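Peer 1: can you look at this prediction? I've put the sequence above it.
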Amino acid sequence: MKIVVSGTGYVGLVTGACLAEVGHSVTCVDINEEKVELMKKGVSPIYEPGLDEILLSNYKKGILNFTADFVQAYSDADVIFIGVGTPEREDGSANLEYLYAVAEQIAQNIKKDCLVVIKSTVPVGTNDYVEKYIRENLKNDVNVEVASNPEFLSQGTAIKDTLQASRIVIGVESKKSEELLKTIYERFNIPIVVTNRRSAEMIKYASNDFLALKISFINEIANVCELVGADIEDVTNGMSYDPRIGNKFLKAGIGYGGSCFPKDTKALHWLAEDNGYEIKTVKATIEVNENQKFRLFRKAKKRFNGFKNMKVAILGVTFKPGTDDLREAPSIPNVKALIEEGANVYVYDPIGINNFKTKVSGKINYSEDVQEVLKDADVAFIFTEWDTITSISLKEYRELMKTPVIFDGRNCYKLKDAEESGVEYYSIGRRDIV
Ligand code: UDX
């Protein structure tokens, strides 16, 4: 069976690599020739631990290939997975232009019967539309079906999330498509959930938005904890013993970011609205998250009466550890606001600095040395819980900073340690150490 994967971002490339890893013959298509040459050398265009090794070993085995020649690749494919991006438009709806461009190329170039599998996160009804579009624009006399197969991987653990996924969801409208996808996935030995295409599309949005809702919910509980003298870490611990609640995605912080939660909450809100329904829980999730991003900034502004000419140390800028991705990272609006307030901003991040430079302009000092960033700083903000940040002892802050005042957006330190070390410490959902 010849499998082609279109798009070599997180979803497409990880899908291609993992399908090859279980022994399928896979060709990954990307229109960018330079990227294709790099992937052949085992260099992934995205930062994802373990991905380079899988690309190289399967390329060397001859079962994973890369090409920019989509005409050739699509012509004899049995199955084409689409994993292109579906970014957010200004109104919050999903931008499907990359998906439609691939649908057009498929319609023009397939020469045998083919199953097209959409892995990208798309609004409900898109699979139906893409199938109709391809069928209406076919150049050759072949049969095409479209199936939905949403992706649930997280950045930084994408390989494990794919090879050992909790479930594989397939949305199909025919037994033939179901059997073909089951044959492809049986090697993963993971539960397969079969449903129709619209339900599969909805499972993806509902799953992501539910996780985002959990985070916004716990962030609001944290904010109330601060007001009433409760401790969010103890509260979540106490909640987590109830198996109906669980202990995952209940970490309070400075808000969620990334390429999925912000985009998918807005897309579902938009989709519901477009169908005449206001989805209030998702709307609240989005609003709470926007507000949460500035929680520490506001507290700090009040504490210092503004930031003019202060040395502000920023520890961590990526939306979470283990990735160089800056999409929707809470650090971005915070650093912009600090610069506007006249602060001298010093940024540390182990791998996110290059991407950060493309997102925020202005006078910023960068360093890959935490000590340098903390030296003589008036205040430090923690936005990402990288190991290299959580391993800094509180004593180091006290010794290096001019005034050891820490605003920790990821609750990296124990209150007891902060108290003993003599720093001024503000975190999320816990009492202030002053
Ligand atoms: C997410 C989903 O987890 C994944 O299933 C989906 O396919 C894509 O979106 P990802 O964006 O890679 O994956 O990151 P994730 O680990 O889910 O974290 C997203 C954001 O939520 C991060 O900013 C993280 O810091 C924040 N978060 C996560 C919290 O603030 N608290 C938590 O308890 C968990």
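Peer 2: Great, that's in hand.

Peer 1: once you drop chain neighbours, what's closest to residue 286?
Peer 2: residue 265 (5.1 Å; Cβ to Cβ, 6 or more residues apart in numbering). C-betas here are computed from N, CA, C, even on glycine.

Peer 1: list the contacts of the one you found.
Peer 2: 208, 209, 212, 282, 285, 286, 289 (Cβ atoms under 8 Å, 6 or more residues apart in numbering).

Peer 1: which of those residues come close to the ligand?
Peer 2: residue 208 (Cβ under 6 Å from any ligand atom).

Peer 1: which one of the contacts of residue 265 sits closest to the ligand?
Peer 2: The nearest member of the contacts of residue 265 to the ligand, counting by Cβ to the nearest ligand atom, is residue 208 at 5.6 Å.

Peer 1: name the SS class of that closest one, please.
Peer 2: Under the three-state scheme (DSSP: H, G, I helix; E, B strand; the rest coil), residue 208 adopts helix.

Peer 1: distance to residue 375 added to the contacts of residue 265, as JSON lines?
Peer 2: Shown next, in JSON lines, are the contacts of residue 265 (distance: Cβ to Cβ, whole Å):
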{"residue": "208", "distance to residue 375": "40"}
{"residue": "209", "distance to residue 375": "42"}
{"residue": "212", "distance to residue 375": "37"}
{"residue": "282", "distance to residue 375": "44"}
{"residue": "285", "distance to residue 375": "39"}
{"residue": "286", "distance to residue 375": "38"}
{"residue": "289", "distance to residue 375": "33"}
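
Peer 1: so which of the contacts of residue 265 wins on neighbours?
Peer 2: Counting neighbours by other Cβ atoms under 10 Å, residue 285 leads these with 28 neighbours.

Peer 1: elements contacting the helix or strand harbouring that one?
Peer 2: Using DSSP states H and E, residue 285 falls within helix 280-293. Packed against helix 280-293 by the contact rule (3 or more Cβ pairs under 8 Å, 6 or more residues apart in numbering; DSSP states H and E) you find helix 197-228, helix 261-274.

Peer 1: distance of the closest residue in space to residue 204 that isn't next to it in sequence relative to the ligand?
Peer 2: In space, and not counting its chain neighbours, residue 204 is closest to residue 150: 3.6 Å by Cβ to Cβ, 6+ apart. From residue 150 across to the ligand, the span is 8 Å (Cβ to the nearest ligand atom, to the nearest Å).

Peer 1: for residue 296, same thing?
Peer 2: 14 Å.

Peer 1: so that residue sits right up against residue 410, yeah?
Peer 2: No: counting by Cβ atoms under 8 Å, residue 296 stays clear of residue 410, with 10.4 Å between them.

Peer 1: what sits in contact with each of these two?
Peer 2: 254, 428.

Peer 1: can you list the residues of the stretch 301-434 of the chain near the ligand?
Peer 2: 319, 320.

Peer 1: quick one: the strands in the stretch 301-434 of the chain?
Peer 2: For the stretch 301-434 of the chain, the strands defined by DSSP state E, counting those that start in this stretch cover 311-315, 344-348, 364-367, 379-382, 405-408, 424-426.

Peer 1: export these as a markdown table, with columns for mean pLDDT and mean neighbour count.
Peer 2: What follows is the strands of the stretch 301-434 of the chain, written out as a markdown table (pLDDT from 0 to 100; neighbours: other Cβ atoms under 10 Å):
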| stretch | mean pLDDT | mean neighbour count |
| --- | --- | --- |
| strand 311-315 | 98 | 26 |
| strand 344-348 | 98 | 23 |
| strand 364-367 | 96 | 16 |
| strand 379-382 | 98 | 26 |
| strand 405-408 | 98 | 24 |
| strand 424-426 | 98 | 21 |
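
Peer 1: compare those and report which one is nearest to residue 71.
Peer 2: strand 364-367 (43.2 Å; Cβ to Cβ).

Peer 1: who does the closest one touch, helix- and strand-wise?
Peer 2: Strand 364-367 sits against strand 344-348, helix 353-359, with contacts defined as 3+ Cβ pairs under 8 Å, 6+ apart.

Peer 1: surely residue 239 forms part of a helix?
Peer 2: Yes: under three-state DSSP, residue 239 sits within a helix.

Peer 1: helix, strand or coil for the closest residue to it other than its chain neighbours?
Peer 2: Computed as Cβ to Cβ, 6+ apart, the closest residue to residue 239 that is not its neighbour in sequence is residue 245, at 5.0 Å. Using three-state DSSP, the structure places residue 245 in coil.

Peer 1: and if you look at residue 4?
Peer 2: Three-state assignment for residue 4 (three-state DSSP): strand.

Peer 1: how about the nearest residue to it, chain neighbours excluded?
Peer 2: The shortest distance from residue 4 to any non-neighbouring residue, by Cβ to Cβ, 6+ apart, is to residue 77 (4.2 Å).

Peer 1: for residue 211, same thing?
Peer 2: For residue 211, ignoring the flanking residues on the chain, the nearest one in space by Cβ to Cβ, 6+ apart is residue 249 at 5.1 Å.

Peer 1: what's the neighbour count on the one you found?
Peer 2: 14.

Peer 1: same check on the one 5 residues further on?
Peer 2: Residues near residue 254, counting by other Cβ under 10 Å, number 28.

Peer 1: ok, now residue 335?
Peer 2: 25.

Peer 1: please point out which parts of stretch 14-34 sit buried.
Peer 2: 14-21, 24-30 (16 or more other Cβ atoms under 10 Å).

Peer 1: ok, so of the residues you listed, who is nearest the ligand?
Peer 2: Using Cβ to the nearest ligand atom, those come closest to the ligand at residue 14, 10.5 Å.

Peer 1: quick one: the closest one and residue 258, what's the gap?
Peer 2: Going from residue 14 to residue 258 by Cβ to Cβ, to the nearest Å gives 15 Å.

Peer 1: could you do residue 166 as well?
Peer 2: Relative to residue 258, and taking Cβ to Cβ, residue 166 is found at 19 Å.

Peer 1: any idea how many residues pack against the residue nearest to residue 212 when sequence neighbours are not counted?
Peer 2: Spatial nearest neighbour of residue 212, chain neighbours left out: residue 261 (4.2 Å); criterion: Cβ to Cβ, 6+ apart. Residue 261 has 23 neighbours, counted by other Cβ under 10 Å.

Peer 1: quick check: pLDDT value at residue 261.
Peer 2: Residue 261 is assigned a predicted lDDT (pLDDT) of 97.

Peer 1: going forward, the N-terminal residue is numbered 29.
Peer 2: Sure, I'll start numbering at 29, so the last one becomes residue 289.
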